[in-house]
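**Q** Here you go, sequence then predicted model.
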Amino acid sequence: MKMRHTTIVAIHSEKERRAVIASDGQATLDTTVIKHKTRKLHRLHDDKVLVGFAGATADCLALLDKFEGKLKKYNGQLRRAAVELTKEWRTDRVLRHLEAVLVTVSEEGLLMVSGAGDVLEPDEGVIGIGSGGAYALAAAKALLSVADLPIDEMARRSLEIAAEIDIYTNNEISIEEITW
């Protein structure tokens, strides 16, 4: 699935006992920039879970509501809620047509969730999605391997690098963080 129109990067650090999700702010309609400071990050389950999304905005917001319900039903268990969301997403006649990818993080870990049935946990605790996601991911991995920066600064710098490369990514960066 090729997602355009956004860039999200998430980093989960056991060492720092925190996780961050960062996003750009650009919203586009085809090749036209509509908005520069779009909110793509959300706090769920009493601010213990962060979610970033890429894809059609209405689809993403519908999935956020469903995911919040799953988190509530499963007492904030990130993996269980993500798997149950994906099962419903794949089998429901309406939901299966939604075009979105979610990145979600809690103390429990970091997951990428998609309508293709994916619930993936990256090995290195970092993931990027959206049109500039691969650029942000590469930058974050490079920074993690050579720099001794806090993860929020790594996420910011990764998005700045992606914004220099991807035309659907801008420098209006938002960062959300959770600690444990």
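**A** Perfect, thanks for sending it. Residues are numbered from 1 along each chain as shown.

**Q** which outside residues touch the helix or strand of the chain with the lowest mean pLDDT?
**A** When each helix and strand of the chain is scored by mean pLDDT, DSSP states H and E, strand 27-29 comes last, with a mean of 84. Contacts to strand 27-29, defined as Cβ atoms under 8 Å, 6 or more residues apart in numbering, come from residues 4-6, 33-36, 38, 57, 168. The way it works is simple: take the backbone N, C-alpha and C, and place the C-beta from them, glycine included.

**Q** top helix in this protein by residue count?
**A** helix 57-73 (DSSP state H).

**Q** still on that earlier bit, show me just the buried residues among the contacts of strand 27-29.
**A** The neighbour count (16 or more other Cβ atoms under 10 Å) marks 4-6, 38, 168 as buried among these.

**Q** Is it possible to get TSV of the contacts of strand 27-29 that adds pLDDT, secondary structure and distance to residue 90?
**A** What follows is the contacts of strand 27-29, written out as TSV (pLDDT from 0 to 100; DSSP: H, G, I helix; E, B strand; the rest coil; distance: Cβ to Cβ, whole Å):
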residue	pLDDT	secondary structure	distance to residue 90
4	54	coil	23
5	72	coil	23
6	88	coil	23
33	87	strand	33
34	87	strand	30
35	90	strand	31
36	94	coil	34
38	91	coil	27
57	84	helix	21
168	92	coil	27
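
**Q** Out of the residues you listed, which comes closest to residue 93?
**A** When the contacts of strand 27-29 are compared for distance to residue 93 (Cβ to Cβ), residue 57 wins out at 21.3 Å.

**Q** right, and residue 114 touches residue 101 too?
**A** Yes. Using Cβ atoms under 8 Å, residue 114 makes contact with residue 101 at a distance of 4.9 Å.

**Q** Neighbour count: the two, which is higher?
**A** Using other Cβ atoms under 10 Å, the more surrounded residue of residue 114 and residue 101 is residue 101, with 24 against 20.

**Q** Show me the helices in the chain, by range?
**A** 57-73, 78-91, 133-146, 151-165.

**Q** how about CSV for those, with distance to residue 110 added?
**A** Shown next, in CSV, are the helices of the chain (distance: least, Cβ to Cβ, whole Å):
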stretch, distance to residue 110
helix 57-73, 15
helix 78-91, 9
helix 133-146, 12
helix 151-165, 11
